[in-house]
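[1] Turn this into a model:
(one chain, ligands or ions: 2)
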Amino acid sequence: MERPDAEAPVIVVDKVSLAFDEKVVLKDVSFTLERGHTKVILGASGSGKSTILKIILGLLKPDGGSVFVNGERIDTMSETELMQVRMDLGMVFQEGALFDSLTVAENVGFKLYEESTMPPDEIRRRVEEVLGFIGLNDFIDRMPSELSGGQRRRVAIARAMAAKPGILLYDEATTGLDPITAITVDEEMVKLRDLENVSSIIVTHQLRDAFFVATREAVRRGDGYEIVAADARKCDEAEFIMLKEGVVAFEGNAAELRAAKDQYLRSFLS
Ligand SMILES: Nc1ncnc2c1ncn2[C@@H]1O[C@H](COP(=O)(O)OP(=O)(O)OP(=O)(O)O)[C@@H](O)[C@H]1O
Ligand SMILES: [Mg+2]
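    Ligands and ions are numbered 1, 2, ... in the order given. Next up is the predicted model:
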């Protein structure tokens, strides 16, 4: 595959519509994700957030409009062509399910064992590396049932990043976690964006987490890193869109969202 153009947007969703039978789920949805940026998708339950991510992965085909990933139109691709595109896409699913009968290492390395030609000892090294990144090295040979909810969520992130995708899609990665654990997951998203130059789409109900990711930055310090307040330019690289019944009801940065007057938007801010 050709190297994606570094300047081109990583994802373009253009006038996408989808209905399940009579029910219109997405109507003329358009947005663009630039490389290294974050797009936060907010919206009530049933507003179409997960559906958009599934369309970007090619798991669902839109009825109208077009979708580009790394400059290639994907909504018209065959399953075989999509497999190539998906190598650069990592998804943390809303259901978040790990395979209960596999160890943490086997879960994290799953895609590499199944879909790559990487030798097993190299996969093991990559698994150790991503679990180290996420701070769960000590759990590498445990079973998912021995982990807390937050640890499981972080393993799901490690699994999504194992193949070093340039794009990560997070569907409610912090939902159901207490605020402190949620922040450890938010920090992983910030680190991946700023230290690994990953472009991300974050679907969430939790505005607190969205603002955390939009207003913090990870910087290298010696061997490690530090999470600091982001400067204004970095804050502007996090764009928010709000879906309302399948339509984009708002698009803007964190400051514009905070200042929004619309009642539906306000109900998320309170
Ligand atoms: N495969 C499907 N068949 C029929 N209807 C579907 C299907 N998938 C989703 N829907 C419907 O599409 C609408 C949007 O679903 P979606 O999962 O995208 O919502 P969501 O915004 O992610 O909600 P939540 O916040 O609860 O996760 C819902 O009304 C849902 O019932
Ligand atoms: Mg959903």
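[2] Would you check that residue 248 makes contact with residue 241?
    Yes. If you go by CB atoms under 8 Å, residue 248 and residue 241 touch, sitting 5.4 Å apart. C-beta coordinates here come from the backbone N, C-alpha and C atoms, glycine included.
[3] Residue 195 belongs to a helix?
    Yes. Assessed with DSSP: H, G, I helix; E, B strand; the rest coil, residue 195 lies in a helix.
[4] Double-check it against residue 218; I have them as touching.
    Yes. With contact defined as CB under 8 Å, residue 195 reaches residue 218; the gap is 5.4 Å.
[5] what's the burial count for residue 117?
    6 (other CB atoms under 10 Å).
[6] per-residue confidence for it?
    According to the prediction, residue 117 has pLDDT 85.
[7] ok so, going back, would you mind grabbing the residues shared as contacts by residue 195 and residue 218?
    Taking CB atoms under 8 Å, 6 or more residues apart in numbering as the contact rule, residue 195 and residue 218 both touch residue 225.
[8] More neighbours: the two, which one.
    Set residue 195 next to residue 218 and count neighbours by other CB under 10 Å: residue 218 wins out with 20 against 13.
[9] Quick check: neighbours of the helix or strand that contains the more buried one in the sheet, parallel or antiparallel?
    Using DSSP states H and E, residue 218 falls within strand 216-221. Paired with strand 216-221 in the same sheet, following DSSP bridges, are strand 224-229 (antiparallel).
[10] pLDDT on the strand it pairs with, on average?
    92.
[11] now what about that strand, what contacts it?
    Outside strand 224-229, the residues that touch it by CB under 8 Å, 6+ apart are 187, 190-191, 195, 215-219.
[12] Run through the residues of the stretch 1-150 of the chain sitting next to ligand 1.
    Selection of the stretch 1-150 of the chain residues close to ligand 1 by CB under 6 Å from any ligand atom yields 20, 25, 43, 45-51, 94.
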